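Enquirer: okay, here's the prediction I keep looking at, along with the sequence it came from:
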Amino acid sequence: MLNTPLSGAVTRLAAAGLATVLTTGPLVAETLKLAHFVSPTHVVNSSVVDPLVKGVAEDTDGALTIEVYPGGELGAGPMEQYVRALQGVADITWGLQGYTSSQFPKTMIVEMPGAIPEGMSGYEMLWNAYETHLKDEYPGTKPLALWVSEPNIIITKGREIRTPADIKGLKIRVSGAIAGAVVEALGATPVQMPAGEIYNSLQTGLIDGLITGASAVADFKLDEVADSYTIGPPLGHISFYLVMNQARYDALPEEFRSAIDAHSGIGLSRSGEEAWNARATETVEKLRETGDNTVIELTEEEVQAFAELTLPVTDRLIAEMGAEEVLAAMRGE
């Protein structure tokens with residue numbers, strides 16, 4: 001056979017095809033570790049963790065699995081969740097930006113009272129600004145979901161809060177710096193602690209109350225130690241992340257990365273936020289049905305009394321940060 005340029009090209013193509021057949025086989029199965037610090041019944045599991053785990057397994061025919069370690073099994077400190085992902089203790093972690101507030105100042109703008117306009121969602125705001133303003137707050141990781149809680153409420157034991165004067169001087173648990181600034185504006189003392197410590201702290205009187213979303217009442221059984229819930233004052237929200245170690249993600253085969261991408265991002269974030277709001281609505285309804293709880297729905301005038309103290313906190317913090325452009329990007333302006 002003559003060794004023409006065409007015959008040589010055919011030979012090379014055949015060899016390349018054979019090499020592809022020899023090297024491309026079934027994907028090697030891999031397992032990722034996902035860690036969080038709450039119980040398997042917490043809303044984060046059904047709304048964020050389970051959809052990611054199931055979706056990735058289905059798209060890869062079980063070749064890529066995500067093993068979940070709840071309740072702090074890979075480390076008990078909730079405030080170290082981001083570091084665990086960064087250091088590879090876990091491949092994926094869930095946590096609150098507020099627990100390490102200094103790392104996420106721009107992200108936590110979404111937590112400020114009045115920051116989320118009517119008709120917008122917190123997860124939309126976070127993803128609107130992620131590439132241009134927030135990405136540098138997540139070094140070494142790939143956010144898989146970013147979202148916020150339902151609006152914060154005031155939860156207390158043995159006292160009812162209807163006016164700012166009622167909360168003045170009390171010790172109020174907060175999740176992070178933004179809520180702390182709001183509490184200070186109301187004349188109370190902020191006490192930062194992880195959610196898992198709230199129950200005992202409220203029961204023993206270490207704190208007088210807390211500011212958080214109503215969903216936390218169900219997730220942490222706070223109705224067993226609290227008895228009054230004030231709904232309506234503009235107190236902001238709580239933000240959350242689900243992040244993956246960037247190097248671990250980059251090292252995965254393309255098929256695995258595609259499966260993760262397909263079941264994360266804005267869709268997974270929406271699932272989390274909608275579930276938090278639904279859990280809050282359900283929780284408040286149950287609290288109303290229980291005879292030993294006081295659920296206070298503030299009137300417009302009572303809401304305004306709080307707003308006069310809390311909304312200026314947002315204006316002040318944005319000005320101090322020089323973050324007007326970040327807030328505008330979040331709002332799509």
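Expert: Here it is on my side, so go on.
Enquirer: from here on, contacts and neighbour counts on C-alpha atoms
Expert: Will do.
Enquirer: now stretch 67-82: how far from the chain's centre is it?
Expert: When distances are taken as C-alpha atoms, centre = their mean, to the nearest Å, stretch 67-82 is centred 14 Å away from the chain's centroid.
Enquirer: assumed Pro234 was part of a helix.
Expert: No - when the secondary structure is assigned by DSSP: H, G, I helix; E, B strand; the rest coil, Pro234 falls in coil instead of a helix.
Enquirer: tell me how far it lies from Met125.
Expert: In this view, Pro234 and Met125 are 18 Å apart by C-alpha to C-alpha, to the nearest Å.
Enquirer: of these two, which one has the most company?
Expert: Comparing Pro234 with Met125 by neighbour count (other C-alpha atoms under 10 Å), the higher total belongs to Met125, at 26 against 22.
Enquirer: quick one: low-confidence parts of the stretch 51-200 of the chain?
Expert: For the stretch 51-200 of the chain, no stretch is flagged by pLDDT under 70.
Enquirer: show me where the stretch 101-250 of the chain has strands.
Expert: If DSSP state E, counting those that start in this stretch is used as the criterion, the strands of the stretch 101-250 of the chain fall at 141-148, 152-156, 171-174, 189-192, 209-213, 228-231, 239-245.
Enquirer: of all those, which lies closest to Glu302?
Expert: Among the strands of the stretch 101-250 of the chain, strand 228-231 comes nearest to Glu302, with 10.6 Å by C-alpha to C-alpha.
Enquirer: domain map for this protein?
Expert: As recorded under automatic domain parsing, the domains making up the chain are 29-149+238-277, 152-237+291-320.
Enquirer: out of the ones you listed, which gets nearest to Arg331?
Expert: Where the domains of the chain are weighed against each other on C-alpha to C-alpha, the nearest is domain 29-149+238-277, at 5.8 Å.
Enquirer: just the endpoints, please. Distance across the closest one?
Expert: Between the opening and closing residues of domain 29-149+238-277 there is a gap of 36 Å (C-alpha to C-alpha).
Enquirer: same check, this time on stretch 322-333
Expert: Here the two ends of stretch 322-333 are set 16 Å apart, with distance taken as C-alpha to C-alpha.
Enquirer: buried ones in it, by neighbour count?
Expert: Of the residues in stretch 322-333, those with enough neighbours to count as buried (16 or more other C-alpha atoms under 10 Å) are 323, 326-327, 329-331.
Enquirer: now what about it, what contacts it?
Expert: The contact list for stretch 322-333, computed with C-alpha atoms under 8 Å, 6 or more residues apart in numbering, reads 106, 109, 115-117, 120, 124-129, 133, 318.
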